[in-house]
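# Quick one, structure for this:
(one chain, ligands or ions: 1)
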Amino acid sequence: MTKPVRPILWIPGPTEVRPEILAECSRPMIGHRSKAMTVLQERLDPHLKLAFGLADGSDASVAVHTCAGTGLMESSLLGVGPRVLCVVNGSFSKRFHEIAVALGKQAVKLSAPMGSQVPFAQIEQALSQQGPFDALTIVSNETSTGVRTPLSELAALTRKFRETMVLVDFVSYIAGAPIDFDEHGFDFGFAGIQKALALPPGLTVACASRRYLEQAKTRQSRGFYLDPVKVFAGHAERATMATPAISLYYALAQELEDISAGVTLPASQKGKTGRAAWQARFDEHTRMQQVTEAWAASNGLELLPAPALRSTTISCIQAGDLDVPAFLAAIKARGHELGNGYGDLKDKTFRIGHMGDHTESRLAEMLQLADDAIAEVRGARARS
Ligand SMILES: Cc1ncc(COP(=O)(O)O)c(C=O)c1O
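Below you'll find the predicted structure:
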């Protein structure tokens, strides 16, 4: 592999963006109230429905909004009542709770240590004994720790509490694993596009159940720019409330079309389209997780989360005896950038974002160089 002029990104977002997608961002500008913009928006919906895994005939709606993922995190809470149960097991679920508090919600926090998830029995107990709650907030994939919440188990639980709207952060999950939004009975899901969708940051995609939007319309004080009713109506009517990031819409449309056409799949999977192509993308992410886990073990390193909670998009690996800053510098010198641990986990863990348009074979090449980097760092320590 020749050394690139800048490191290839394997950080947990933003992820590597293909040059042909970056080229979409430099298309000439169009008016956001023009026919061309309507056509551009219309290109998105069929693929967003696949990304969120909507059932045929679903009455859920998809939308795109120009803002960071945090914006739609806030938006999701603007459409629900005051009593919110927040599941907190990492930095981004903590943020969800902080936003609920900032919005004046009566937010009840259920916490688990970094690297784990709040046991479902504990969530069920809170819902039944401290409820009824208007909404539950949860992060499907904690980017800070590489913990993935098993969605089927979550759904089996939340289905028992239909008075509670289920608001799910899919920021580092979407396009890396199946969401099955309707089957799981979720009410609001959102994701920035800079993770497993492999796009530059700046847009957020979202999905809302019919009952969420109907109930949101009855609520007062929904803000303005993040009002979920305005966000979804603006998308449905192809009339966004403010000037959108048109360049990113081009990139999003192309990437979604490419995923659905199987363009981004490895050669062995080529020819798959539609749902099959999305499933093949998810499978590639699962394989990348397995390869990373095996690589970590071969270097005497362990992932932070328990096996059942390991994310298919991000591996958070415990440092053990490894000097994380030295290792990250050594792999960067070989042309690849990995992520340090997040917040309190900095230097105690490092993270590999094996997601987006990366493939198992590219990952294997990078991990071979990571072997060299580890040997160099451990060798230097042994000599010192
Ligand atoms: C799981 C998760 N939720 C929310 C966010 C916030 O997204 P943004 O930085 O686009 O606001 C991030 C960012 O990394 C994230 O990983």
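
# How many residues are close by Leu301?
Residues within reach of Leu301, counting by other C-beta atoms under 10 Å, total 19. No exception for glycine: its C-beta is placed from N, CA and C like everyone else's.

# same question but for Gln279, I mixed them up
15.

# ok, now Gln368?
When neighbours are counted by other C-beta under 10 Å, Gln368 registers 12.

# Ala330 too?
The number of residues near Ala330, taken as other C-beta under 10 Å, comes to 19.

# That one against Ala373, yeah?
Yes - counting by C-beta atoms under 8 Å, Ala330 touches Ala373, with 3.7 Å between them.

# for stretch 96-114, what is the average pLDDT?
The predicted model assigns stretch 96-114 a mean pLDDT of 98.

# Please identify the helix or strand for Ala370.
Ala370 belongs to helix 360-383 when assigned by DSSP states H and E.

# Check which residues of that helix are buried.
For helix 360-383, burial by neighbour count (16 or more other C-beta atoms under 10 Å) applies to Glu360, Arg362, Leu363, Met366, Leu367, Leu369, Ala370, Ala373, Ile374, Glu376, Val377, Arg378.

# Verify the contact between the first one and His285 for me.
No - because the distance of 9.3 Å does not satisfy C-beta under 8 Å, Glu360 is recorded as not touching His285.

# List the contacts of Gln122.
Contacts for Gln122 were tallied using C-beta atoms under 8 Å, 6 or more residues apart in numbering; they are Leu110.

# How is it assigned, secondary-structure-wise?
helix (DSSP: H, G, I helix; E, B strand; the rest coil).

# going forward, begin numbering at 4 instead of 1
With the count now opening at 4, the last piece we talked about shows up as Gln125.

# What's the separation between Glu156 and Glu258?
Glu156 is 30 Å from Glu258, where distance means C-beta to C-beta, to the nearest Å.

# between the two, which one's more packed in?
Ranked by neighbour count (other C-beta under 10 Å), Glu156 and Glu258 place Glu258 first, with 25 against 13.

# Now for the more buried one: which residues touch it?
Residues near Glu258 by C-beta under 8 Å, 6+ apart: Ile24, Ile196, Leu200, Ala201, Leu202.

# chain center to the helix holding Ala373: distance?
27 Å (C-alpha atoms, centre = their mean, to the nearest Å).

# Can you name every helix or strand that that helix contacts?
When contacts are defined as 3 or more C-beta pairs under 8 Å, 6 or more residues apart in numbering; DSSP states H and E, helix 363-386 packs onto helix 277-301, helix 327-335, strand 339-340.

# Quick check: which of the ones you listed is buried the most?
strand 339-340 (a mean of 20; mean count of other C-beta atoms under 10 Å).

# Give the rounded mean pLDDT of that one.
98.

# Need the contact partners of it.
Under C-beta under 8 Å, 6+ apart, the answer for strand 339-340 is Pro10, Ile11, Leu12, Trp13, Ile14, Leu331, Ile334, Met369, Leu372, Ala373.

# quick revisit: quick one: the helix holding Ala373 to helix 327-335, angle?
130 degrees (axes from the mean of the first three to the mean of the last three C-alpha atoms, to 10 degrees).

# Helix 277-301 and helix 363-386, what's the angle between them?
20 degrees.

# The residue nearest the centre of the chain: what's it in contact with?
When C-alpha atoms, centre = their mean is applied to the chain, the residue found nearest the centroid is Ser175 (1.9 Å). Contacts for Ser175 were tallied using C-beta under 8 Å, 6+ apart; they are Pro15, Gly16, Asn144, Thr146, Ala194, Lys198, Ala199, Ser314, Thr316, Ile317, Gly356, Met358.

# could you check the distance from it over to the ligand?
Separation of Ser175 from the ligand (C-beta to the nearest ligand atom, to the nearest Å) stands at 5 Å.

# Lowest-scoring secondary structure element of this structure by mean pLDDT?
When the helices and strands of the chain are scored by mean pLDDT, DSSP states H and E, helix 363-386 comes last with a mean of 96.

# Spell out the residue ranges of the strands in the stretch 104-253 of the chain.
Here the stretch 104-253 of the chain has its strands, by DSSP state E, counting those that start in this stretch, at 109-114, 138-142, 144-145, 150-151, 168-172, 191-195, 207-211.

# Out of the ones you listed, which gets nearest to the ligand?
Among the strands of the stretch 104-253 of the chain, the nearest to the ligand by C-beta to the nearest ligand atom is strand 191-195 (3.7 Å).

# The closest one packs against which elements?
Strand 191-195 sits against helix 72-81, strand 168-172, strand 207-211, with contacts defined as 3+ C-beta pairs under 8 Å, 6+ apart.

# would TSV of the ones you listed with mean neighbour count and mean pLDDT be doable?
TSV is the format used below for the helices and strands packed on strand 191-195 (neighbours: other C-beta atoms under 10 Å; pLDDT from 0 to 100):
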stretch	mean neighbour count	mean pLDDT
helix 72-81	24	98
strand 168-172	27	98
strand 207-211	27	98
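
# which stretch among those comes nearest Phe123?
The closest of those to Phe123 is strand 168-172. By C-beta to C-beta, the value is 13.3 Å.

# what sits up against the closest one?
72, 76, 79-80, 82-83, 95-96, 99, 137-144, 157, 161, 187-194, 214-215, 218.

# So, low pLDDT: which residues of this structure?
By pLDDT under 70, the low-scoring segments of the chain are 4-7.

# Kindly report the residues of it close to the ligand.
Proximity of the chain to the ligand, by C-beta under 6 Å from any ligand atom, involves residues Gly16, Ala71, Gly72, Thr73, Phe95, Val142, Thr146, Asp172, Val174, Ser175, Gly195, Pro204.
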